[in-house]
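Enquirer: Whatever this is, show me its structure:
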Amino acid sequence: MTVLQPRPLAVASAPPRALTLPSIDPWRLLRPAPVVLLFAAYLAVGLAFSLGAGIVTGDAWSRVGNAYYVLFSRDPHLAAIGFVWNPLPSLLELPILPFVGLWRPLVDHGVAGSLMSAACMALAVRELWLWLRDLGPSRPVRIGLTAAFAAHPLILLYGGNGMSEAPFLLFLIVAGRAFSDWVASGSVGRLAVTGLALALAYLTRYEAVAPMIAIGLLTLMVSYHRARGTRQQRVIEAAADGLIVGMPPIGAFVAWALASWLIVGSPFATFTSIYGNTSQVALSLAAIRSSTGDTPVAAAIYVGQQIGGLEPFLALIGVVAVLISLLRRDMRVLVPLAVFGSVLAFSTLLFVGGSSFGWLRFSITAIPLAATVVALVLSPNRSVARWSSGTPRLAAIARLVPVARLAPVFRVPASVARRAASAPRILVSVALVALVLGGLPSAANVVFDGRLAREESPQLRGLVGGDRAMPAERNEFLASGAVARYLDARNLPRGSVVVDVALGFWVVLQSAHPEQFVITPDRDFDKIVEDPAIFNVPYVLVSPPTGVAALNALERSHHGMFADGGGIATLVQEFDDAGGRPAWRLYRVDE
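Expert: Down below sits the predicted model:
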């Protein structure tokens with residue numbers, strides 16, 4: 001018997017492949033470039049004020065302080081972040097502060113705040129661009145509207161000064177974009193993103209309550225109208241969508257209030273704390289009314305002038321948007337009104353009711369409102385929401401005059417006829433974008449207006465005029481820096497100086513030895529303030545008890561503390577400001 005042997009398989013030898021590098025799309029590499037450039041531009045603005053002119057915005061710097069006390073203080077702990085103001089801006093700054101050992105200006109010039117706001121504002125511009133792209137106007141329109149937002153004087157200022165407006169705008173724009181997409185597509189995922197963005201907005205600023213309510217109601221309305229089935233089924237579907245968008249911000253609201261209640265004894269410290277907004281406005285109300293008017297009508301006119309200065313054509317754009325939306329049966333215009341318009345309305349009501357300072361920055365949402373509304377007007381004329389049924393009326397009107405069909409009659413080439421048909425749209429696009437861009441000179445003028453821009457104008461004039469126009473922030477910065485250097489030179493032991501950092505943060509943040517201070521977030525602060533001698537705290541640092549400074553805990557516990565030591569201390573050193581007025585007094589506690 002013959003045994004068959006298996007033949008070896010012939011394996012074709014493959015030619016060696018040349019080593020090739022993966023293809024690289026240069027455009028993909030350039031995508032982060034605009035965000036990086038915007039970040040650099042906004043940061044440069046902030047550094048021009050802080051490092052260049054020594055002008056540090058007090059509110060922004062105090063947020064840096066809230067984060068700083070968590071890591072660098074006599075009693076470091078997370079609750080030192082405070083509960084009067086929303087925590088997220090300070091939490092965003094926390095990862096930056098460990099590098100203070102490498103570069104002190106992160107804290108003593110508030111640069112950590114500028115890094116935070118510059119990053120958030122650059123991302124806000126990117127999100128606005130993406131939202132405009134989703135809405136569908138032409139690329140030149142998107143470029144013009146995004147540039148008008150990014151280069152707006154108020155956006156430039158608050159992109160660099162470390163305030164909470166930048167992250168607030170970022171989260172509102174993210175919420176608006178996601179919610180607009182949900183209105184168009186019904187995607188539950190986009191609705192969840194809306195809720196998460198609103199939660200972050202609330203943890204940034206309390207004004208987020210307004211869009212939380214407005215978007216919640218709009219969600220119920222849209223969901224109910226486009227649901228199918230019986231009334232009960234439609235109500236259930238609307239309620240489900242309402243829960244999806246509402247649970248994250250409600251959860252943030254409850255969690256923050258509960259944490260505040262457990263730690264400081266009040267769920268809403270901004271209203272009940274002696275350091276809160278309500279207390280500060282009450283002390284400053286006479287000064288506010290002297291600049292803005294004594295009556296609610298005068299206050300409303302004042303806010304109208306602020307909004308009109310920032311976006312002078314906003315009312316006209318709004319009327320055009322509403323008319324076109326009605327003709328198209330496209331109700332997407334309600335989205336920017338719910339997101340940005342609700343904040344404007346809420347801030348106005350608070351100011352008219354005497355519960356707000358009425359700062360110009362409280363009207364900053366007028367800027368993205370103008371851009372998004374114009375984009376909606378110029379978006380393609382198509383039905384995007386399920387509840388916008390029927391043929392859009394503008395399209396029906398346009399078909400009454402079919403320009404392209406008339407071309408053979410007048411012997412006009414079809415291409416020319418098509419261009420003629422699109423000419424009105426192009427003209428409208430140019431006109432509306434020009435209105436938004438044309439508002440920039442007005443905005444530049446209003447930020448220099450000492451009556452309408454009570455925070456921004458002194459800083460800008462100080463930046464331009466130097467020492468001849470020194471704003472209050474620079475005056476306080478220099479005087480407090482002298483105090484910090486004096487104390488640092490004495491090499492005091494831990495916990496030697498008690499100071500209320502509601503205003504004393506000016507000194508503590510410029511000191512190289514923060515542990516030498518007993519400060520407001522310390523868990524034994526109240527006991528030490530009552531009797532510093534018992535706790536062997538040798539020094540007390542106080543500022544003049546005028547205006548908001550009258551809230552100083554030392555002055556409240558020991559009346560006349562600044563004037564004569566309140567009967568418990570003896571004056572050691574007085575520090576004057578640039579005008580020769582007493583700015584700080586250091587007292588030695590009597591034994």
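Enquirer: Val537 and Pro493 touch, don't they?
Expert: No. Val537 is beyond contact range of Pro493, at 10.4 Å (criterion: Cβ atoms under 8 Å). For glycine as for every other residue, the C-beta is placed from the backbone atoms N, C-alpha and C.
Enquirer: Outline the domain layout of the chain.
Expert: By the assignment in automatic domain parsing, the chain contains the domains 274-372+439-467, 401-438, 472-589.
Enquirer: Turn those domains into TSV, columns for distance to Ala201 and mean pLDDT.
Expert: Shown next, in TSV, are those (distance: least, Cβ to Cβ, whole Å; pLDDT from 0 to 100):
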stretch	distance to Ala201	mean pLDDT
domain 274-372+439-467	9	90
domain 401-438	24	61
domain 472-589	25	93
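Enquirer: residues touching the most centrally placed residue in the chain, list them.
Expert: Against the mean C-alpha coordinate of the chain, by Cα atoms, centre = their mean, the closest residue is Glu165 at 2.1 Å. With contact taken as Cβ atoms under 8 Å, 6 or more residues apart in numbering, Glu165 is in contact with 117, 158, 205, 361, 364.
Enquirer: neighbours of the first one, just the number please.
Expert: Applying the criterion other Cβ atoms under 10 Å, we find 33 residues in the vicinity of Ser117.
Enquirer: before we move on, what about the second one?
Expert: Using other Cβ under 10 Å as the criterion, Tyr158 is surrounded by 27 other residues.
Enquirer: Leaving out sequence neighbours, find the closest residue to it.
Expert: Sequence neighbours aside, Glu165 is the residue nearest to Tyr158 in space, at 4.2 Å (criterion: Cβ to Cβ, 6 or more residues apart in numbering).
Enquirer: got it, and the fourth one?
Expert: On the basis of Cβ to Cβ, 6+ apart, the spatially nearest residue to Arg361 that is not a chain neighbour turns out to be Glu165, at 5.5 Å.
Enquirer: From Leu323, how far out is that neighbour?
Expert: Using Cβ to Cβ, to the nearest Å, one gets 31 Å for the distance from Glu165 to Leu323.
Enquirer: I'd like to know which of the domains of the chain is closest to Ala148.
Expert: domain 401-438 (4.6 Å; Cβ to Cβ).
Enquirer: what about the helices in the stretch 401-550 of the chain?
Expert: 403-410, 414-438, 440-446, 456-465, 472-489, 501-508, 525-530 (DSSP state H, counting those that start in this stretch).
Enquirer: Quick check, Phe582 in contact with Ala563.
Expert: Careful, residue 582 is Pro; it's not Phe. No. Here Pro582 does not reach Ala563: they are 10.0 Å apart, not a contact under Cβ under 8 Å.
Enquirer: higher neighbour count, Val537 and Pro493?
Expert: Taking Val537 and Pro493 together and counting by other Cβ under 10 Å, Val537 has the greater number of neighbours (18 against 10).
Enquirer: OK, contacts around the more buried one?
Expert: Val537 neighbours (Cβ under 8 Å, 6+ apart): 495-498, 518, 528, 589.
Enquirer: Just the closest of those residues to Gln459, please.
Expert: For those, the nearest to Gln459 is Val497 (29.4 Å; Cβ to Cβ).
Enquirer: what about the closest residue to the closest one other than its chain neighbours, how many residues close to it?
Expert: In space, and not counting its chain neighbours, Val497 is closest to Tyr539: 4.4 Å by Cβ to Cβ, 6+ apart. By the criterion of other Cβ under 10 Å, Tyr539 has 22 neighbours.
Enquirer: Hmm, Tyr539 is touching Arg490, no?
Expert: No. In this structure, Tyr539 is not within contact of Arg490 by Cβ under 8 Å, at 9.2 Å.
Enquirer: where along the stretch 101-250 of the chain do the helices fall?
Expert: 105-108, 111-135, 139-150, 153-160, 165-185, 188-202, 209-226, 231-264.
Enquirer: Turn those into TSV, columns for mean pLDDT and distance to Phe340.
Expert: Converted to TSV, the helices of the stretch 101-250 of the chain look like this (pLDDT from 0 to 100; distance: least, Cβ to Cβ, whole Å):
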stretch	mean pLDDT	distance to Phe340
helix 105-108	96	32
helix 111-135	96	11
helix 139-150	95	12
helix 153-160	97	13
helix 165-185	95	7
helix 188-202	96	11
helix 209-226	95	8
helix 231-264	94	16
